[in-house]
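S.K.: take a look and give me a structure for this.
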Amino acid sequence: MGTPGGKSVVTWAAGATANWTIGEGALHGGGSCQVALSYDSGKSFRVIHSYIGSCPVAVDASADFTIPSDAPAGEAMFAWTWQNEIGNREFYMSCASVTIEGGSKARDAPAVAFSSRPDLFLINLGNGCTSVESTAVNYPDPGPDADVTRSTSDSGSFVGTCGPVNGVASSGSTSGSSSDGNSTSSPVSVSSATAASASSAPAPVASSSTTPISIAINPTGTAASSAASGVAASAPASPPASGKVSRTVRVSTDGICSGGKTCTGSVYGACCSKDGFCGDGEAWCDAGCQSSFGSCGTTLNSTPTVNPKMRRRSLRV
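M.R.: Numbers count the residues shown, from 1 in each chain. The predicted structure is shown next:
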């Protein structure tokens, strides 16, 4: 925001119905996601809709939401966050610069003021809160607008100390949302029995289904505005000289490496991390880096990149 590349891509009216659409990428079994608005360039967000266990699971699938009638007019940052149900425990986020304008007619005051809406639920970010695989995250404070189209347990969808969320979160000994929607300032934690049960589940592993891809923010009816580089065409490449594989490998076009795909020449970065993802930086190029499928070494660590757990799907608004 505030730069030529961050100009608004769409205008939404307060109180109107808007829409977002999933682009290309691995679906990871769906899961839960939230959409939010920020008026301070991403320093804080207010959730405007939560999709609990109902995040679209098909390319080109879309979902509606309503811009709060009391959303301030002006430039804003629209955010979509997603916690996948299947695969590595990750946190995906896509953002777009948008414009909110005043509604065309007088509307009743909302039951929950915009300023009182919850902040985004942060999980799988090394913050002591982790989602449980094969379970859709049940947000402790989803806000007043939420879809729940598939059953998800009130307990056991995440473990650790999760909260407080924007200063408030449901309290108790198990994770999940409260039945009456009331909340307190206590962070959510899980009992030892719940944590033990979750820890006994098989650890998620990197596979071809956990595909990190670039962001593509496409405004409806106008040219696309991309927040990341396009994907290069697939092309064969020989293994690095230090590699241990003898078969021909191909340049990774989806950010996944090993198993016949190298990061050398990939738009996602030159190093293949121990978890099998391409990137540039310490998390990819140092300990555990797979030299058979890309470059390795501290000399490649000068380029800052996102955390390897911050994978992103395409999103069109």
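
S.K.: tell me the secondary structure for T253?
M.R.: Assigned state for T253: coil (three-state reduction, DSSP: H, G, I helix; E, B strand; the rest coil).

S.K.: for it, give its distance to T21.
M.R.: Between T253 and T21 the computed distance is 22 Å (C-beta to C-beta, to the nearest Å). (C-beta placed from N, C-alpha, C; glycine too.)

S.K.: kindly report the same for S116.
M.R.: According to C-beta to C-beta, S116 stands 29 Å off from T21.

S.K.: between these two, which has more neighbouring residues?
M.R.: Neighbour count, other C-beta atoms under 10 Å: between S116 and T21, T21 has more, with 16 against 13.

S.K.: that one reaches S62, doesn't it?
M.R.: Yes - using C-beta atoms under 8 Å, T21 is in contact with S62, at 4.1 Å.

S.K.: tell me which residues of the helix or strand that contains W12 are tucked away?
M.R.: Per DSSP states H and E, W12 falls inside strand 11-13. For strand 11-13, the neighbour count (16 or more other C-beta atoms under 10 Å) marks W12, A13 as buried.

S.K.: show me what it is packed against.
M.R.: strand 92-101 (3 or more C-beta pairs under 8 Å, 6 or more residues apart in numbering; DSSP states H and E).

S.K.: average pLDDT for the next helix or strand after the strand it packs on?
M.R.: Using DSSP H and E, the helix or strand that follows strand 92-101 towards the C-terminus is strand 129-131. In this model, strand 129-131 has a mean pLDDT of 90.

S.K.: the strand holding W12 pairs with which strands?
M.R.: Strand 11-13 pairs in its sheet with strand 92-101 (parallel), by DSSP bridges.

S.K.: so which bits of the strand it pairs with are buried?
M.R.: For strand 92-101, the neighbour count (16+ other C-beta under 10 Å) marks Y92, M93, S94, C95, A96, S97, V98, T99, I100 as buried.

S.K.: can I assume V47 sits in a strand?
M.R.: Yes - applying three-state DSSP, one finds V47 inside a strand.

S.K.: can I see the domain layout of the protein?
M.R.: 10-165+212-218, 249-303 (the TED database).

S.K.: low pLDDT regions in this structure?
M.R.: 24-27, 104-106, 149-155, 163-248, 298-317 (pLDDT under 70).

S.K.: which residues of it fall in helices?
M.R.: Secondary structure of the chain (DSSP state H): helices at 192-199, 282-285.

S.K.: dump the residue contacts of the spatially closest residue to P68 that is not a sequence neighbour.
M.R.: In this structure, P68 finds its nearest non-sequential neighbour in F114, 5.1 Å apart by C-beta to C-beta, 6 or more residues apart in numbering. Residues near F114 by C-beta atoms under 8 Å, 6 or more residues apart in numbering: R46, P68, D70, A71, P72.
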